[in-house]
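Asker: only geometry, no sequence info:
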Ligand SMILES: [Cu+2]
């Protein structure tokens, strides 16, 4: 008996603790992926839609629980005779059907309107192609008249951080190269699945420059948890500067520097998978990576401007030291653009993470790279394999990559 | 009176006793043998005694009511088809061994079914003196096996017959015939439901006639063979570059198959007034450049608004095959749709493996038309 009671009390306690924790987690002050703190018109529209039903539901909850308690207390068994039992009360039943119906209609009309608003594509000012694969996101900027006053005349490709012009109606065209993923930046809009062979659109608009976090929300295999994304909104001149920089011509490192050695190591070990735009082999011919021959999804992050983004490998690891990262994330929106455009400066580079990655990528982030188990993917890896680099080679590569801005 | 059982044991005991005597008389060494035979004799005599004493555990032959109620006495076994089926199975085995494996397997299965059914039937017929009860336990044991198998066979026959008939009839007639059959079934069903007094045997007869008709027609159609079904060419061809020219080929005359992907396309490609342009969600106006992610399936609809038949061709540069060997060669990467006439639509999927560069440019084009649509792959 006592045993049962302690057990009962213990489970009640743990249930209460879980409940309290859940409640407290809802109060987190610094929640970067909070859909209730919209930072753009689309997320705001969703938030505005969900608020009134929440309130109505709250009122309904109070009424129902109140009536239940009233009945439990007022009519509890005191040994009185059982009253006469009746069945059916048409007036009450009709009322109880009509009131919820009215509430549902009241919720339904704005819901449908919001759905249509959020599906609109005609007011697009800038298009970004978003492609998911295990386990990172690629962003490319198609040739188009929008985004910039002069439009985008040469396509741009980047990874992990999606840079968009603040204030503009950006339209994402989302697809996938392997399995289904889902794209969600809670502060900017709802989520959209990335499905191979299909192009799904998603509106994106950020009021202010800043960094908005998200993560893949469709379980997509081993490193699903490491498949994050960061939307970076820049002011108009800043976005223009970013575009110009992404398209800048490649300057090989001066001969004799560690970076030049790093380029050679890169050409020998990395170029088969990773593209650095403009890089040339010893014969002077441009080197085009063929990730489609080595990697199951057929793509790897383009490393031309690695140090203009501040995270890598599915936006899971920082290129910035924690201090510099905090400075960037907490920057006021007026200062954010300038700070972001600096990229990863030498004094801010957190080489430890990158070094760990290059030493053993699947050790840092679980990926399918075991050469003996690649039968199902015809010998292609899902993720980056361990290339057995020496510490010296890693130093040289980091010196080379540090200049990719 | 000696009972049957005790007669057997009397004989056996006498034999054992005689054996013991002969053995002990003729073999001078062999205590074990003698011991064994003596033991056997004792046991047999004992069993004989018991059988004699309990009269084979049978009801007394004087006890008439007992004999009447005895399970073995009643009722007489009914007719059974299983010996015949078992005979058929046994006869089929040698036939199968000569003709082929399938028949052997069928024979074995038939034999197995016959054995199980026969065993259960004869066992159940002796279970008690109550025939209804006996039939009941037979059902309880065998129905869970029989009904699914019979159901599957019945359903299989029906599906087989239906499908053969449908394949045999011209495609338009199929709808009419089966609409008619469905209406007839509905009509009979309604009539039977309305007239409760319709006899069971009448319904059974109707069903039997229907079943025989269906199976007969099915077998007849199967023998007569299916109608000619035109083969549709694939909408998109990658097999040979020669197919992607302005010339019409055999396949183009069956380009009835229009479009498979209807939504969430990467874009729409239109040929109008000798100009090729693209429409892409999110980018206003007609585009003459398309940017696509590499190594990704991109689905397009091609729409021909010009007179005459045209096909869309995707020129994705070339692939170097066997690089570094003396067989190294460039193979063009070209895909195309079928040629469609004015207003026609086609569907094409492309997956450019490499980014575009100064010496690798990709295009959508239409043979015989100058206008090209540039594909950028970053
Ligand atoms: Cu994912």
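Answerer: That came through, no problem. Bear in mind the structure is a predicted one, so any value in this text is a computation, not a measurement. Numbers count the residues shown, from 1 in each chain, chains lettered A, B, ... in the order given.
Asker: Count the neighbours of residue A:230 for me.
Answerer: Residues near residue A:230, counting by other Cβ atoms under 10 Å in any protein chain shown, number 21. Any C-beta I mention is one placed from the backbone N, CA and C, and that applies to glycine too.
Asker: try residue A:240
Answerer: Burial of residue A:240, expressed as a neighbour count using other Cβ under 10 Å, amounts to 16.
Asker: wait, it sits on residue A:152?
Answerer: No - contact between residue A:240 and residue A:152 fails when scored by Cβ atoms under 8 Å: they sit 10.4 Å apart.
Asker: all strands of the chain, in order?
Answerer: Answering for chain A, as no chain was given. For chain A, applying DSSP state E gives strands covering A:126-133, A:136-141, A:156-159, A:161-165, A:170-176, A:181-183, A:192-194, A:200-204, A:210-215, A:228-234, A:311-312, A:317-318.
Asker: if you could check chain B rather than the one you did, that'd help
Answerer: For chain B, the strands defined by DSSP E cover B:236-237, B:267-272, B:275-280, B:283-287, B:289-291, B:298-304, B:313-321, B:329-337, B:345-350, B:362-365, B:372-376.
Asker: Of all those strands, which one is nearest the ion?
Answerer: Within the strands of chain B, the stretch nearest the ion is strand B:298-304; the backing value is 19.9 Å (Cβ to the ion).
Asker: quick one: average confidence on the closest one?
Answerer: Throughout strand B:298-304, pLDDT has a mean value of 89.
Asker: Equivalent analysis for stretch B:208-217, please.
Answerer: pLDDT averaged over stretch B:208-217 equals 90, rounded to a whole number.
Asker: residues in contact with that stretch?
Answerer: Defining contact as Cβ atoms under 8 Å, 6 or more residues apart in numbering or on different chains, one finds that stretch B:208-217 is touched by B:157-158, B:161-162, B:165.
Asker: please redo it, this time with the cut-off set to 6 Å
Answerer: With contacts defined as Cβ atoms under 6 Å, 6 or more residues apart in numbering or on different chains, stretch B:208-217 is touched by B:157, B:161, B:165.
Asker: Dump those residues to TSV, plus pLDDT and distance to chain A.
Answerer: As requested, the contacts of stretch B:208-217 are exported to TSV (pLDDT from 0 to 100; distance: Cβ to the nearest Cβ, whole Å):
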residue	pLDDT	distance to chain A
B:157	91	41
B:161	91	39
B:165	89	38
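Asker: and which of the residues you listed is nearest residue B:318?
Answerer: residue B:165 (52.3 Å; Cβ to Cβ).
Asker: which ones are touching that closest one?
Answerer: For residue B:165, counting by Cβ under 6 Å, 6+ apart, the contacting residues are B:217-218, B:221.
Asker: Out of the contacts of stretch B:208-217, which is nearest to residue A:359?
Answerer: residue B:157 (67.5 Å).
Asker: count of residues packed around the residue lying closest to that closest one once chain neighbours are set aside?
Answerer: Using Cβ to Cβ, 6 or more residues apart in numbering or on different chains and skipping the chain neighbours, the partner closest in space to residue B:157 is residue B:215 (5.8 Å). Neighbouring residues of residue B:215 were enumerated by other Cβ under 10 Å; the total is 15.
Asker: what does residue A:115 give?
Answerer: The local packing of residue A:115 (other Cβ under 10 Å) involves 10 other residues.
Asker: returning to what we had before: any chance of the strands of chain A in a markdown table with distance to residue B:354 and mean pLDDT as columns?
Answerer: A markdown table is the format used below for the strands of chain A (distance: least, Cβ to Cβ, whole Å; pLDDT from 0 to 100):
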| stretch | distance to residue B:354 | mean pLDDT |
| --- | --- | --- |
| strand A:126-133 | 16 | 95 |
| strand A:136-141 | 14 | 96 |
| strand A:156-159 | 13 | 94 |
| strand A:161-165 | 24 | 96 |
| strand A:170-176 | 18 | 95 |
| strand A:181-183 | 24 | 96 |
| strand A:192-194 | 22 | 94 |
| strand A:200-204 | 25 | 94 |
| strand A:210-215 | 30 | 94 |
| strand A:228-234 | 25 | 95 |
| strand A:311-312 | 23 | 94 |
| strand A:317-318 | 28 | 94 |
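Asker: Out of those, flag the one nearest residue A:248.
Answerer: With distances scored as Cβ to Cβ, the stretch of the strands of chain A nearest to residue A:248 is strand A:156-159 (11.0 Å).
Asker: and that closest one, anywhere near chain B?
Answerer: Yes - for a cut-off given as Cβ under 6 Å from any Cβ of the partner chain, strand A:156-159 has contacts with chain B, namely residue A:157.
Asker: I'd like to know which elements that strand is packed against.
Answerer: Strand A:156-159 makes packing contacts with strand A:136-141 when contacts are defined by 3 or more Cβ pairs under 6 Å, 6 or more residues apart in numbering or on different chains; DSSP states H and E.
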